[in-house]
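S.K.: need a 3D model of the following:
(one chain, ligands or ions: 1)
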Amino acid sequence: MKVIIINGPNLNLLGKREPEVYGNKTFEDYFADLQFKFKDVQLEYFQSNIEGDLIGKIQEVGFSYDGIVLNAAAYTHTSVGIGDAIKAVSTPVVEVHISNTHKREEFRHVSYISPVAKGVILGFGLQSYDLAIQSFVK
Ligand code: DQA
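M.R.: Next up, the predicted model:
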């Protein structure tokens, strides 16, 4: 089974960025934990701060992988293009967020991903990614 985690803008700064919201761990360290835990899953990780790169990656993997775990970060709340890319591909997408976006500013309550995602997991810290992968492992 092939699953890719796609992270959007500023998530390359996890560990340094607003640790009170996003925690102290880098995503690279957490990704190593996930690879250790899900040994039977071919896990990949891609991060970009650029909207078009995220769309390109969704198109590239979206007809052959078994699952996409997507944290589109700030683009969640703005990107019609990422929403359309998810609609265009056949691989199911699970939307994740580290924080509970519904407890935060109102602009974070809007998601262009949720209406086209298979499901949504948010508010569990980095564990949100673990739960999303579990949803693909039947
Ligand atoms: C986030 C929530 C978004 O609102 C924010 O822009 C992020 C991270 C999260 O994982 O909690 O960059 O997607």
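S.K.: hey, let's count contacts and neighbours off CA atoms from now on
M.R.: Fine.
S.K.: Ser64 touches Val89, doesn't it?
M.R.: No: contact status for Ser64 versus Val89: not in contact, 9.5 Å apart, counting by C-alpha atoms under 8 Å.
S.K.: look up how far the ligand lies from Val89.
M.R.: Summarising the geometry, the distance separating Val89 from the ligand, computed by C-alpha to the nearest ligand atom, to the nearest Å, is 21 Å.
S.K.: for that residue, phi and psi?
M.R.: With angles defined as degrees, to the nearest 10, Val89 shows backbone torsions of phi -100, psi 170.
S.K.: what of Ile121?
M.R.: Note on Ile121: backbone dihedrals following degrees, to the nearest 10 are phi -130, psi 120.
S.K.: around the ligand, pick out the residues from this structure.
M.R.: Where proximity means C-alpha under 6 Å from any ligand atom, the interface of the chain facing the ligand comprises 10, 71, 73-74, 97-99, 101, 108.
S.K.: okay, and the helix or strand of the chain with the least pLDDT?
M.R.: Per-element confidence for the chain was summarised using mean pLDDT, DSSP states H and E. The lowest value among helices and strands belongs to helix 19-22, with a mean of 90.
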